[in-house]
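Student: sequence and predicted structure, then a few things I'm wondering about:
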Amino acid sequence: VASLPQGNAMPVPALSFEFFPPRTEALEQQLWSCVRRLEPLAPRFVSVTYGAGGTTQERTHATVAKLARETALTPAAHLTCVGASAGEVDDVARRYWDAGVRHIVALRGDAPGGEANYVPHPEGYAYASDLVAGLKRIGDFEISVAAYPETHPAASSPEADLDNLKRKIDAGATRAITQYFFDTDVYLRFLDRALAAGITVPIVPGILPVSNFTQVKKFSGMCGTAVPDWMGHLFDGLDDDPDTRRMVAASMAAEQVRLLQANGVDEFHIYTLNRADLSYAIAHILGVRPRKAE
Ligand code: FAD
């Protein structure tokens, strides 16, 4: 009978956690209680998203700066180039550099109203690879970029999308973080294809704990992540039962990360949605324990 290895038989993986910048006082408190709970797990870095079209520019900056100032964590700022001139984007990047932030997650971002409307800004960076090159001219940032095991929805082919990832790495990115996925085989096959294409930087799986199946299903349709039938079955009948849903979500994520770990994956990026409990449980299952106070 095939079995998954026990946690203590595996090397402890490196983690990163993703947050979004809070919009209200209540969400601000939720974020910081999440940060404080996850901080002792000593992630490699924590990242803060940039709202669609740069709409959270100030809030992202404030959150990243506070993480740098008030915690022991290493923050990474997401930055998109859609809808802005290269000069405007460079100014945001320079502010980060001046604030001592050295890690950027460089993205193109989405066009308002959907992909069919994407038109590069006339004076902007057209694609994330152009943004990566621009950032490198500003400072020697550590740069992470996005990767799509199921292919970005607007790519002309899986090969073209992989070529694009290669361009982002060649421009100076040193890590890719994947869009979330639920089919582990798809991710593992993607790693093989990326390696065959000459991509040797880490391609870190993005793990989304599914606390709200209905929302995840809707969002997945837009970002090109397949939601397998077995997931529908798993969450069937739990719409009004959040407690059971969270337990199911924890066990599903546990299965996914342990399967990845058994296949040699030793770095994980967790989309926390600013809630600590599922992320903490996943980290724990992977063998991560809080750092002892000095
Ligand atoms: P790119 O790498 O530029 O690719 C975009 C598309 O263009 C792909 O289909 C690619 O194949 C194609 N392409 C690239 N170059 C060319 C070319 N020269 N000619 C023709 N086609 C080309 N969005 C936010 O708004 N804020 C965030 O904070 C954020 N964080 C994210 C974090 C992660 C880990 C991931 C996976 C996604 C995140 N996104 C975020 C979403 C992201 O902005 C969208 O998925 C966006 O549609 C693509 O961004 P990209 O950086 O992958 O773009």
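Tutor: Looks like it came in fine. Numbering: from 1, shown residues only.
Student: low-confidence ranges in the stretch 1-150 of the chain?
Tutor: Of all residues in the stretch 1-150 of the chain, those with pLDDT under 70 make up the ranges 1-3, 5-8.
Student: now the strands: where do they sit in it?
Tutor: 14-19, 45-48, 75-80, 103-107, 142-147 (DSSP state E, counting those that start in this stretch).
Student: could you dump the ones you listed into JSON lines and include mean neighbour count and distance to the ligand?
Tutor: For glycine as for every other residue, the C-beta is placed from the backbone atoms N, C-alpha and C. Formatted as JSON lines, these follow (neighbours: other C-beta atoms under 10 Å; distance: least, C-beta to the nearest ligand atom, whole Å):
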{"stretch": "strand 14-19", "mean neighbour count": "23", "distance to the ligand": "7"}
{"stretch": "strand 45-48", "mean neighbour count": "24", "distance to the ligand": "8"}
{"stretch": "strand 75-80", "mean neighbour count": "25", "distance to the ligand": "3"}
{"stretch": "strand 103-107", "mean neighbour count": "25", "distance to the ligand": "4"}
{"stretch": "strand 142-147", "mean neighbour count": "24", "distance to the ligand": "3"}
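Student: of all these, which one is nearest Asp241?
Tutor: Closest of these to Asp241 is strand 14-19, at 26.8 Å (criterion: C-beta to C-beta).
Student: residues touching the residue nearest in space to the middle of the chain, list them.
Tutor: For the chain, Gly206 is the residue whose C-alpha lies nearest the centre (C-alpha atoms, centre = their mean; 5.2 Å). Shown in contact with Gly206 (C-beta atoms under 8 Å, 6 or more residues apart in numbering): 18, 177-181, 269-271.
Student: what does the chain put close to the ligand?
Tutor: Counting by C-beta under 6 Å from any ligand atom, the positions of the chain adjacent to the ligand are 49-50, 52, 78, 80, 105, 107-110, 127-128, 146, 152, 154-155, 160-161, 164, 168, 177, 179, 206.
Student: kindly recompute the last result at 5 Å.
Tutor: The chain has residues 49-50, 52, 78, 80, 107-110, 127-128, 146, 152, 154-155, 161, 164, 177, 179 near the ligand, with proximity defined as C-beta under 5 Å from any ligand atom.
Student: show me the helices in the stretch 101-250 of the chain, by range?
Tutor: Ranges of helices within the stretch 101-250 of the chain are 128-138, 158-170, 184-196, 213-223, 229-235, 242-262, based on DSSP state H, counting those that start in this stretch.
Student: picking that back up, just the buried ones out of the residues of the chain next to the ligand, please.
Tutor: Neighbour counting with 16 or more other C-beta atoms under 10 Å marks 49-50, 78, 80, 107-110, 127-128, 146, 152, 155, 161, 164, 177, 179 as buried within the residues of the chain next to the ligand.
Student: list the buried residues in stretch 31-45.
Tutor: For stretch 31-45, using 16+ other C-beta under 10 Å, the buried residues are 31-32, 34-35, 37-39, 41, 43-45.
Student: what sits up against that stretch?
Tutor: Outside stretch 31-45, the residues that reach it (C-beta under 8 Å, 6+ apart) are 14-17, 19-22, 46, 63, 67, 71-76, 103, 267, 272, 274-276, 279-280, 283, 288-291.
Student: can you tell me which of those residues are in helices?
Tutor: 63, 67, 276, 279-280, 283 (DSSP state H).
Student: quick one: His61 and Ala77 touch, right?
Tutor: Yes. Assessed by C-beta atoms under 8 Å, His61 is found in contact with Ala77 at 7.3 Å.
Student: what residues are shared contacts of those two?
Tutor: In contact with both His61 and Ala77: Tyr96, using C-beta under 8 Å, 6+ apart.
Student: related to what we said a few turns ago, in PyMOL, how would I select just the buried ones from the contacts of stretch 31-45?
Tutor: Remark: buried members of the contacts of stretch 31-45, expressed as a PyMOL selection using 16+ other C-beta under 10 Å:
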select buried, resi 14+15+16+17+19+20+21+22+46+63+67+73+74+75+76+103+267+272+274+275+276+279+280+283+288
